[in-house]
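[1] Fold the following for me, if possible:
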Amino acid sequence: MSPAPSSPAPSKLPESNLPLRQGGGTVSQQTTSDVSSSSYSLPEPLIRLELRDLRHDSSKVFLSNFDAAVDVADLIRTVLQLLYLPTTRTSTSSSGVSSMRPNPFKPHIPGTRSITLIIRDIEGVAYTTGLDLDSEHKEIHFSLSYIAHVQKSSADKAAIRKELMGVVCHELVHCWQHNARGTAPGGLIEGIADWVRLRAGYVPPHWKREAGDDWDAGYQKTGYFLDWIENKHGEGSVRRINEALRDTEYVQRKFWKDLFGKTVDDLWYDYCDSLDEKK
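    Here you go, the predicted model:
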């Protein structure tokens, strides 16, 4: 599900719950629009839906649980609000590093002009890509087989809808996030997408906060790490991470030290330590 040019290897989800998530696609440099703290007008790209097999049972499941015209528009607003809109208060991190948020806060939103949601038979879960001729036109490819898996996994209509919303929410982040000119770690790109999904309230039952050796393992593991940073180092921290990925190449030590006064390894150690304290 990674849009970064240097896509990480597809990550395996818990075997008892979900199959592989499929990586692919790109987030390239695009034109951007500014959103100041006094202006909350968000982009409204053209939204398209393409069903490759109307007779497929999963197409019926999708249509009965997901209103594309309404739900995609709502999810776009949620993604943009979480990634770009300023918070109502400033904060200072527990380490004493003051907020690096621009003053006034003026994020730069990629100029995505259209998003086509394509429901078709592919392996894995979903992936996002931009058109070769114009990367400001995005495509989200969503697996019919995975939709069938979701239906088989739960008889609860609300749970089915929640998972469909969560997958599309994650993929929409790839339509709007920055990626340090293609140099950001794939795990960070995926972690930001799952952080947005987490904050939007579409958390699957198998997700859990866990430690380990790698902060950038991606998906929910990195997503929960970013959520800890958001809580520990101030509201708006993930927005600042995304904004810092906008127009410069990613240099790991400098990137995290400039934002939070610590290396990412030190931040990860602190996060893992906080998990041990809760046991």
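[2] any idea which residue sits dead centre in this protein?
    Ala193 (1.2 Å; CA atoms, centre = their mean).
[3] I'd guessed that residue sits against Cys175; true?
    No - if you go by CB atoms under 8 Å, Ala193 and Cys175 don't touch, sitting 10.1 Å apart. (Glycine included, C-beta is placed from N, CA and C.)
[4] Could you find the closest non-adjacent residue to the residue nearest to the centre of the chain?
    Among residues not flanking Ala193 along the chain, Val173 sits closest, at 3.9 Å (CB to CB, 6 or more residues apart in numbering).
[5] which ones are touching Thr112?
    By CB atoms under 8 Å, 6 or more residues apart in numbering, Thr112 lies in contact with 30, 43, 45, 136-138, 175-176.
[6] Kindly list the longest helix within this structure.
    helix 157-176 (DSSP state H).
[7] So which elements touch it?
    Here helix 157-176 touches helix 57-65, helix 68-83, strand 108-110, strand 114-120, strand 126-130, strand 137-143, helix 144-153, helix 186-200, going by 3 or more CB pairs under 8 Å, 6 or more residues apart in numbering; DSSP states H and E.
[8] What residues of that helix count as buried?
    159-176 (16 or more other CB atoms under 10 Å).
[9] Next: stretch 59-74.
    For stretch 59-74, using 16+ other CB under 10 Å, the buried residues are 59, 61-62, 65-66, 68, 71-72.
[10] Present the residues you listed as TSV; the columns should include distance to Ile229 and pLDDT.
    Converted to TSV, the buried residues of stretch 59-74 look like this (distance: CB to CB, whole Å; pLDDT from 0 to 100):
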residue	distance to Ile229	pLDDT
Ser59	39	98
Val61	36	98
Phe62	34	99
Asn65	33	98
Phe66	31	99
Ala68	33	97
Asp71	29	99
Val72	28	99
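[11] can you put the residues you listed in a markdown table and add distance to Gly212?
    A markdown table is the format used below for the buried residues of stretch 59-74 (distance: CB to CB, whole Å):
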| residue | distance to Gly212 |
| --- | --- |
| Ser59 | 38 |
| Val61 | 34 |
| Phe62 | 34 |
| Asn65 | 34 |
| Phe66 | 33 |
| Ala68 | 37 |
| Asp71 | 34 |
| Val72 | 34 |
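[12] which one among these gets closest to Thr129?
    Distance to Thr129 across the buried residues of stretch 59-74 (CB to CB) is lowest for Val72, with 16.6 Å.
[13] Can you tell me the SS state at the closest residue to that closest one other than its chain neighbours?
    Of all residues not flanking Val72 in the chain, Ile47 sits nearest, at 5.0 Å (CB to CB, 6+ apart). Following DSSP: H, G, I helix; E, B strand; the rest coil, we place Ile47 in the strand state.
[14] Check what pLDDT Ile47 gets.
    Here, the pLDDT recorded for Ile47 equals 98.
[15] how much space is there between it and Thr128?
    Computed with CB to CB, to the nearest Å, the distance linking Ile47 and Thr128 is 14 Å.
[16] Which one's more surrounded, those two?
    Thr128 (25 against 16; other CB atoms under 10 Å).
[17] excluding its backbone neighbours, what's nearest that one?
    Among residues not flanking Thr128 along the chain, His174 sits closest, at 4.0 Å (CB to CB, 6+ apart).
[18] that older thread, what's the average pLDDT for the longest helix of the chain?
    Rounded mean pLDDT across helix 157-176 is 98.
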